[in-house]
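Asker: pasting the sequence and the predicted coordinates here, then a few questions.
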Amino acid sequence: MRKLLIVVQWALASVCVITLVTLPISLETQLVAGMCVLVAMMLLKLVRPDGIWRLVALAFGTAIVMRYVYWRTTSTLPPFNQLENFIPGFMLYLAEMYSVMMLALSLFVVALPLPSRPSRANSNDRMPTVDVFIPTYNEDPELLANTMAAARGMDYPAGKVTVWLLDDGGTLQKRNSDKIVDANNAERRHAQLQKLCADLGVNYLTRDRNEHAKAGNLNNGLARSGGELVAVFDADHAPARDFLRETVGYFDEDPRLFLVQTPHFFLNPDPVERNLRTFEKMPSENEMFYGIIQRGLDKWNASFFCGSAAVLRRSALVETNGFSGVSITEDCETAIELHARGWHSVYVDKPLIAGLQPATFASFIGQRSRWAQGMMQILRFRFPPLKRGLSVPQRLCYMSSTLFWLFPFPRAIFLVAPLFYLFFDLQIFTASGGEFMAYTLTYMIVNLMMQNYLYGAFRWPWVSELYEYVQTVHLLPAVISVILNPRKPTFKVTAKDESIATSRLSEIARPFFVIFGILLLGVAMTVYKVYAEPFKADVTLVVGGWNLLNLIMAGCALGVVSERGERAATRRVKVYRRCDFEINGKWHQGTIEDVSAHGARITVLGAQLEDLAKDARAGIRFKLFADGTEAVLPVTIRNFERTSDGIAVGCLYQASEAVHHRLVADLIFANSKQWEQFQLSRRGNPGLLRGTAWFLRLAIFQTYRGLVYFWRDMRGRTSMTAAQLAEKQR
């Protein structure tokens, strides 16, 4: 009876909403209603942004969105008999409906996400045996050494954890390659990593052939090991000391739990953050996913495996014959299969690993192309909406995660749509300037307000649009190719430990400048049409404003593809640890101010500048986070300067022995709280108005910077061409 009553209540509420949404009203009334909703949402955001009032505000916004969808569907599509207008107009309509659908799925997932789970580090749960897998293909041995040392340093009984390096770069297939250079490199790597693993107390494992990429490598590890649980870390993802303490206890609480996933925290900025210089000021792109979306998925038992920083139950993986390898995103595919079999997952919202992101824009796009193509393969081969065994909420959650990667299609349509009118005079959106103000502009502002409600301090206004635009240019052909041939994509390892020595344009930057030039012509065409056709000035100004918004976004993207020169591959993380610093055999008190994967900055007391020399050998003596004992890490001095507190010394680690890698790991990775504090320091919600003003200033400066880089590049190419011509004439 109670269920029937709930159904009746929902039915009555739905009828009331549909009646209000379809109610015929004047433009003035629509505009007033929209403004009232905006004011109400703003007031609720200031007074009561959480709990039931958050849902009330989102409900107000949803009513405006539904009203817009009704108007857009019934009043704005071009006549079907005018195909030159109807086809592009209908494509624009579909792009908008995709955006509305994704907003609806986002509301379902993250309207009220689960709060962060309490720490389990001090619980006294049973300690199951754990195999730690570190799959590798072509990563640098020094990078692997730090990750393995951090894994060996985790706070867990030594007899119950086994660390495995799964090397796909030294397989028998590679060592027997017909290309002698490749064979020699693989043989050298095989021997080098075997010795490194022996020194660090890690099991080295390779296989005969490179089959099924990362999934096949992990499955080879499963076949050779026997722990109850399996922890997976990418080669550049080093765990904190408390990783296992914070994760394994959940498996005893739920015998059907197959996954405990933790967020991916990165020591270095992605290319967008690095080139725009927002890494220390603004939350990273991935924080929206790991800070909000995964908690929303967790509410519906749909948080999924992200390929690393996770612990899985071996008995669950046995049911699926290991990690799934049909798609190139084996992580999400494996999670779908296990969720469909009735297994559960948990998400722990605490950074417990630190990794590296791609440093160059080209590598960034390569990584995102693999993610997009893998999700399209999952959509094609697993199709979550009809996957047997998934609950309705899980279907919706996986639809949200997979359909998101179709964004290049609507983003491209939004980019070119105003140009259809400006250059070809196509009527793809039949509405007056007043109707646009009353419906479309209100909808756009409400949409931004709803995003601010949903993601708040985790995603600033217009940043999502920028990330989608810079990816669309190159992801669109990648997504189209996998739709046409779902089995075509192959797994490609993303380069991480890169650096850019000199400032330059990205090698894939050219399309962005072409698009910027076309949009700039669109601005000129807007001015011309307003002057030449004053009777259509209202519509022309609306479309021209849309094109101008695209131009601002495209201008900001010019800064993204203008790579800043930066020798360091990783940024420094503040740690503040007491130490002693050795200079010429004498020890001086000091403080380790910050560290990175390659070096540290130390404030030294009692030393003199004349005692220091660039590239001189030195040592850092500090207490280990793990057990409080003292140890010395050899370094070389790279730079130094006098400060008010002493002498600030920048140095590079000289890790020549296994123990040195353990010290580096203890210094950088042992304490997860330093990463959490860094994340919190960047979070702050600027609001819609301040956030928009900030983005506009950023876009103007980055447009200027991108054009400067373009001018320098063109001058360099001209000089090179002239030099080549002179050489030929000789």
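Answerer: Structure received.
Asker: look through this structure and tell me its longest helix.
Answerer: Counting residues, the longest helix in the chain under DSSP state H turns out to be helix 687-729.
Asker: which helices and strands does that one pack with?
Answerer: On a contact count with 3 or more C-beta pairs under 8 Å, 6 or more residues apart in numbering; DSSP states H and E, helix 687-729 meets helix 442-455, strand 504-505, helix 510-532, helix 537-560, strand 562-563. To be clear about C-beta, it is placed using only N, CA and C from the backbone, and glycine gets the same treatment.
Asker: quickly compare the ones you listed and say which is most buried.
Answerer: For those, average neighbour numbers computed from mean count of other C-beta atoms under 10 Å are highest in strand 562-563, which has a mean of 24.
Asker: if we can go back for a sec, next, the angle helix 510-532 makes with the longest helix of the chain.
Answerer: 110 degrees (axes from the mean of the first three to the mean of the last three C-alpha atoms, to 10 degrees).
Asker: could you tell me the angle between helix 687-729 and helix 537-560?
Answerer: 60 degrees.
Asker: pull the contacting residues for the most centrally placed residue in the chain.
Answerer: In the chain, the residue lying closest to the centroid (C-alpha atoms, centre = their mean) is Asn286, at 3.4 Å. When contacts are counted by C-beta atoms under 8 Å, 6 or more residues apart in numbering, Asn286 touches 263-264, 266.
Asker: reformat these as TSV; add pLDDT, secondary structure and neighbour count.
Answerer: Below are the contacts of Asn286 laid out as TSV (pLDDT from 0 to 100; DSSP: H, G, I helix; E, B strand; the rest coil; neighbours: other C-beta atoms under 10 Å):
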residue	pLDDT	secondary structure	neighbour count
Pro263	96	coil	23
His264	95	coil	23
Phe266	91	strand	23
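Asker: and which of the residues you listed is nearest to Ala223?
Answerer: Closest approach to Ala223 among the contacts of Asn286 (C-beta to C-beta): His264, at 26.8 Å.
Asker: please report the distance of that closest one from Val573.
Answerer: As judged by C-beta to C-beta, to the nearest Å, His264 and Val573 stand 15 Å apart.
Asker: where does this structure have low pLDDT?
Answerer: 1-17, 20, 23, 122, 124, 489-499, 567-571, 719-730 (pLDDT under 70).
Asker: domain map for it?
Answerer: Split into domains by automatic domain parsing, the chain comes to 130-357, 573-672.
Asker: of all these, which lies closest to Leu519?
Answerer: Nearest of the domains of the chain to Leu519, taken as C-beta to C-beta: domain 130-357 at 19.6 Å.
Asker: number of residues surrounding Glu280?
Answerer: 11 (other C-beta atoms under 10 Å).
Asker: nearest spatial neighbour of it, skipping sequence neighbours?
Answerer: Of all residues not flanking Glu280 in the chain, Arg682 sits nearest, at 6.8 Å (C-beta to C-beta, 6 or more residues apart in numbering).
Asker: quick one: residues contacting the one you found.
Answerer: Contacts of Arg682 by C-beta under 8 Å, 6+ apart are 280-284.
Asker: can you flag the buried ones in these?
Answerer: Among the contacts of Arg682, those classed as buried by 16 or more other C-beta atoms under 10 Å are 282-284.
Asker: of these, which belong to helices?
Answerer: Filtering the buried ones among the contacts of Arg682 for helices - DSSP H - leaves nothing at all.
Asker: columns distance to Ser596 on top of these, output as a markdown table?
Answerer: Below are the buried ones among the contacts of Arg682 laid out as a markdown table (distance: C-beta to C-beta, whole Å):
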| residue | distance to Ser596 |
| --- | --- |
| Met282 | 20 |
| Pro283 | 20 |
| Ser284 | 17 |
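Asker: and which of the residues you listed is nearest Ala191?
Answerer: Ser284 (37.8 Å).
Asker: against Tyr290, how distant is Asp254?
Answerer: 22 Å.
Asker: who's more crowded, the two?
Answerer: Tyr290 (22 against 13).
Asker: so who does that one touch?
Answerer: 263-264, 349.
Asker: try Met101
Answerer: Leu403.
Asker: confirm that it sits in a helix.
Answerer: Yes: assessed with DSSP: H, G, I helix; E, B strand; the rest coil, Met101 lies in a helix.
Asker: okay, and the beta partners of Val311?
Answerer: Ala231, Val260 (DSSP bridges).
Asker: I figured it hits Leu229, correct?
Answerer: Yes: Val311 lies in contact with Leu229 (C-beta atoms under 8 Å); the separation is 5.4 Å.
Asker: so what sits against both of the two?
Answerer: With C-beta under 8 Å, 6+ apart as the test, Val311 and Leu229 both reach 130, 248, 251.
Asker: please identify which of the residues you listed is nearest to Leu200.
Answerer: The shortest approach to Leu200 among the shared contacts of Val311 and Leu229 belongs to Val130, at 17.0 Å (C-beta to C-beta).
Asker: so that closest one bridges to which residues?
Answerer: Val161, Leu229.
Asker: got a list of what it touches?
Answerer: 156, 160-162, 227-231, 244, 248, 311 are the contacts of Val130 under C-beta under 8 Å, 6+ apart.
Asker: which of those are buried?
Answerer: Neighbour counting by 16+ other C-beta under 10 Å classes 156, 161-162, 227-231, 244, 248, 311 among these as buried.
Asker: any chance of CSV for the residues you listed, columns distance to Gly706?
Answerer: Shown next, in CSV, are these (distance: C-beta to C-beta, whole Å):
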residue, distance to Gly706
Tyr156, 49
Val161, 49
Thr162, 50
Gly227, 51
Glu228, 53
Leu229, 48
Val230, 45
Ala231, 42
Leu244, 45
Val248, 48
Val311, 43
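Asker: for these, which one is nearest Glu566?
Answerer: Ala231 (32.2 Å).
Asker: for that closest one, what are its contacts?
Answerer: Contacts of Ala231 by C-beta under 8 Å, 6+ apart are 130-133, 239, 243-244, 247, 310-312.
Asker: that older thread, using TSV, lay out the contacts of Arg682 together with distance to Pro141.
Answerer: Formatted as TSV, these follow (distance: C-beta to C-beta, whole Å):
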residue	distance to Pro141
Glu280	30
Lys281	34
Met282	34
Pro283	33
Ser284	28
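Asker: and which of the contacts of Ala231 is nearest to Asn550?
Answerer: Ala310 (38.8 Å).
Asker: now do the same contact list for that closest one.
Answerer: Contact analysis of Ala310 by C-beta under 8 Å, 6+ apart lists 231-232, 259-262.
Asker: quick check: it vs Glu593, distance?
Answerer: 32 Å.
Asker: same thing with Pro157?
Answerer: Distance of Pro157 to Glu593, computed by C-beta to C-beta: 34 Å.
Asker: cool, Glu566 as well?
Answerer: Glu566 is 20 Å from Glu593, by C-beta to C-beta.
Asker: likewise Ser400?
Answerer: From Ser400 to Glu593 the distance is 42 Å (C-beta to C-beta).
Asker: between those two, tell me which one has more neighbours.
Answerer: Legend: neighbour count by other C-beta under 10 Å for Ser400 and Glu593, higher for Ser400 (23 against 18).
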